[in-house]
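A.B. asks: fold the stuff below for me.
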Amino acid sequence: MPRRESEKYTLDPVRVAVLGAGHAGRGLASYLALHGIDVSIYNRTFKNVKKISEKRGIDVHGLIEANAYIPLITDDMSAAVADRDIIIITVPAQAHPFFARTLGPHLEPGQTVLLMPGRTGGALEFERILRSNERTDDILLGEAQTFSFVSRIMSQDSVMISKIKNSVKVSSFPACDNPEFIRSLNRLPLALELAEDVMETSLNNIGAMLHPTPTILCAGLLESREGGYNHYHDAISQTVGRLVEKMDAERVRVAREFSVDYVSVLEWLRTTYGAKGATLCECIRSIDAYDGIGSPSSLKHRYVLEDVPTGLVPIACLGRLAEIPTPAIDSVVNIACQLYEYAFWEVGRNLESLALDGMSPREVKEYVRTGVPPVDYPDFHEMLDIYGLEVDDT
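C.D. replies: From the prediction side, this is the model:
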């Protein structure tokens, strides 16, 4: 395909801010810009985006060969999000609290905020932080189950997009805002499908299944070679794949307790990538889009540092809330705690940080639908105490 400059107009003049200029953010911003959308990019560390800021664009390779014109690339949050219709946050999920606190003061009425992806409980955690600053009444907030692309930075000013996913599920929090939420997002040239609620997007966190376990079990190879292998094709062997399938079965059992329209990791790979095979290993190795994917070069990588605290930990915590045991997931978290000498159970998303502590699965379902926490009604004996009445327990 010949190179071309991105169009500088669109029939629907939607303006988008992409927060985060890593692999995902650069791929998304470039793709939107090439479809004529006015895009700004925010990145916390300006030196990492200095070159694309100077040239006001990104060279795109892979499925598209083009130069994406992006006029505003900045480390100024206020400038990046001012007058933007849609704000898409593409940073690793453990950075969501920082972005909630930093973005909150600059939000404008009517804006749509999408965490892409939210991992597990992203929108719930984000809303709790925004609510503390009284900034949730006049915006639409939601999350995506996963990212819409497979994209990787090639150089300081280029990105490769190797796959555009067939469909990605999204939901607002609360779910009663979903009709308005999807109307806003449908202005984008992305294949987005509405989920029932954020429990569906959160408990269909496929990255938490595919990322941390193969990375942890390849720790020796990773450190001795500093990477140099294919994370998907090489690290997910038949044996590792069986462990991931056990973890996935636990995730599915937890999802059932919250009435979630769940999908197994095998079903997701078949639907998203057209994978073929009876086992996880076979499906993974049939996916051409993973051919050019490398591996982490260090254990200090988001495959563990993101997907354990914002994926495996909250899934296990929701399992405990629903009285569903998660021994395989727990074992991987425990190994990560020992391997990294880090308290993932303590720092990860838990029921308190998601504002779900004290709720039953039924109350959680109602909360994600309405956004209204359950009323803590007193029980029968408390009512008697309140009104000074006595009861004969015999």
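A.B. asks: for the stretch 101-250 of the chain, give me the ranges with low pLDDT.
C.D. replies: 134-136 (pLDDT under 70).
A.B. asks: helices along that one, start to end?
C.D. replies: Remark: helices assigned in the stretch 101-250 of the chain by DSSP state H, counting those that start in this stretch are 122-132, 178-185, 198-203, 207-210, 212-217, 219-225, 238-257.
A.B. asks: report the buried residues of the shortest one.
C.D. replies: For helix 207-210, the neighbour count (16 or more other CB atoms under 10 Å) marks 207-210 as buried. Every C-beta, even on glycine, is put in place using the N, C-alpha and C of the backbone.
A.B. asks: swap in stretch 305-325?
C.D. replies: Of the residues in stretch 305-325, those buried under the neighbour-count criterion (16+ other CB under 10 Å) are 305-319, 321-322, 324.
A.B. asks: what about it, how long is it end to end?
C.D. replies: The stretch stretch 305-325 measures 23 Å between its terminal residues, going by CA to CA, to the nearest Å.
A.B. asks: and stretch 41-55, how far from the chain's centre?
C.D. replies: Counting by CA atoms, centre = their mean, to the nearest Å, stretch 41-55 is centred 23 Å from the centre of its parent chain.
A.B. asks: check which residues of it are buried.
C.D. replies: Result for stretch 41-55 [16+ other CB under 10 Å]: buried residues 41-44, 49, 52-53.
A.B. asks: now do stretch 178-197
C.D. replies: 178, 181-182, 184-185, 187-188, 190, 192, 194-197.
A.B. asks: pipe the residues you listed into CSV and attach distance to residue 371 per row.
C.D. replies: Shown next, in CSV, are the buried residues of stretch 178-197 (distance: CB to CB, whole Å):
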residue, distance to residue 371
178, 12
181, 12
182, 17
184, 17
185, 19
187, 24
188, 24
190, 25
192, 21
194, 17
195, 16
196, 15
197, 11
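A.B. asks: closest to residue 62 out of those residues?
C.D. replies: Proximity to residue 62 was ranked across the buried residues of stretch 178-197 by CB to CB; first place goes to residue 190, at 16.9 Å.
A.B. asks: wait, what's in contact with the closest residue to the closest one other than its chain neighbours?
C.D. replies: Closest residue to residue 190 apart from its sequence neighbours, by CB to CB, 6 or more residues apart in numbering: residue 148 at 5.2 Å. Residue 148 is in contact with 28, 116, 164-165, 168, 190-192, counting by CB atoms under 8 Å, 6 or more residues apart in numbering.
A.B. asks: residue 204 now?
C.D. replies: By CB under 8 Å, 6+ apart, the contact set of residue 204 is 145, 169, 195, 255, 260, 262-263, 268.
A.B. asks: distance to residue 126 added to those, as CSV?
C.D. replies: Rendered in CSV, the data for those read as follows (distance: CB to CB, whole Å):
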residue, distance to residue 126
145, 15
169, 18
195, 16
255, 21
260, 20
262, 23
263, 24
268, 24
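A.B. asks: can you tell me how far the residue most central in space within the chain is from residue 226?
C.D. replies: Ranked by distance to the mean C-alpha position of the chain (CA atoms, centre = their mean), the top residue is residue 117 at 2.2 Å. Between residue 117 and residue 226 the computed distance is 27 Å (CB to CB, to the nearest Å).
A.B. asks: hmm, residue 156 and residue 55 touching each other?
C.D. replies: No - here residue 55 does not reach residue 156: they are 9.8 Å apart, not a contact under CB atoms under 8 Å.
A.B. asks: quick revisit: top of the contacts of residue 204 by number of neighbours, please.
C.D. replies: The member of these surrounded by the most neighbours (other CB atoms under 10 Å) is residue 145, with 27 neighbours in all.
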